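[1] Turn this into a model:
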Amino acid sequence: MAELELKEQKRQPKMEELETKDLNLEAYSRRENIKFTNIREATTENEKQEDTEAVLRKFLDDELNWLYECLNSGDTAGSSPG
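    Numbers count the residues shown, from 1 in each chain. Predicted structure coming up:
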């Protein structure tokens with residue numbers, strides 16, 4: 001029994017290190033992505049299927065008054081367009 005406890009104690013720091021790396025990776029992944037929600041998609045066969053990128057670019061241009069160049073210029077989120 002003591003042998004198992006000793007093995008567990010030796011593995012504990014490595015487990016904590018792996019958990020920390022996993023949390024850091026998840027935080028980085030979430031930080032580097034933008035999620036768009038509540039943008040209407042075509043739901044019937046009669047509606048034209050649109051390219052997702054085109055829908056988002058139109059939304060940003062129409063609803064948020066962002067220019068298409070803002071997305072292509074490499075600006076980071078939160079910077080003002082132009």
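
[2] Report the secondary structure element holding K35.
    Counting by DSSP states H and E, there is no helix or strand that carries K35.

[3] What number of neighbouring residues does it come out with?
    K35 has 5 neighbouring residues, counting by other CB atoms under 10 Å. For every residue, glycine as well, the C-beta is placed using N, CA and C.

[4] With R11 instead?
    Close neighbours of R11, defined as other CB under 10 Å, add up to 10.

[5] which ones are touching it?
    Under the criterion of CB atoms under 8 Å, 6 or more residues apart in numbering, R11 has no contact partners.

[6] how near is it to E5?
    Noted for R11: a distance of 11 Å to E5, by CB to CB, to the nearest Å.

[7] longest helix anywhere in this protein?
    In the chain, with assignment by DSSP state H, the single longest helix is helix 2-31.

[8] where does the protein dip in pLDDT?
    40-50, 65-82 (pLDDT under 70).

[9] returning to what we had before: buried set for whatever helix or strand comes next after the longest helix of the chain?
    Sequence order places helix 52-63 as the next helix or strand after helix 2-31, per DSSP H and E. Residues of helix 52-63 classed as buried by neighbour count (16 or more other CB atoms under 10 Å): R57, L60.

[10] just stretch 11-23 next, same as before
    For stretch 11-23, it's none, nothing buried (16+ other CB under 10 Å).

[11] How about stretch 30-42?
    Residues of stretch 30-42 classed as buried by neighbour count (16+ other CB under 10 Å): none.

[12] quick one, phi/psi of I34?
    Note on I34: its backbone torsions stand at phi -120, psi 130 [degrees, to the nearest 10].

[13] Would you mind measuring from it to R11?
    Relative to R11, and taking CB to CB, I34 is found at 38 Å.

[14] L23 now?
    Per CB to CB, L23 is found 18 Å from R11.

[15] got it, and E19?
    Going from E19 to R11 by CB to CB gives 12 Å.
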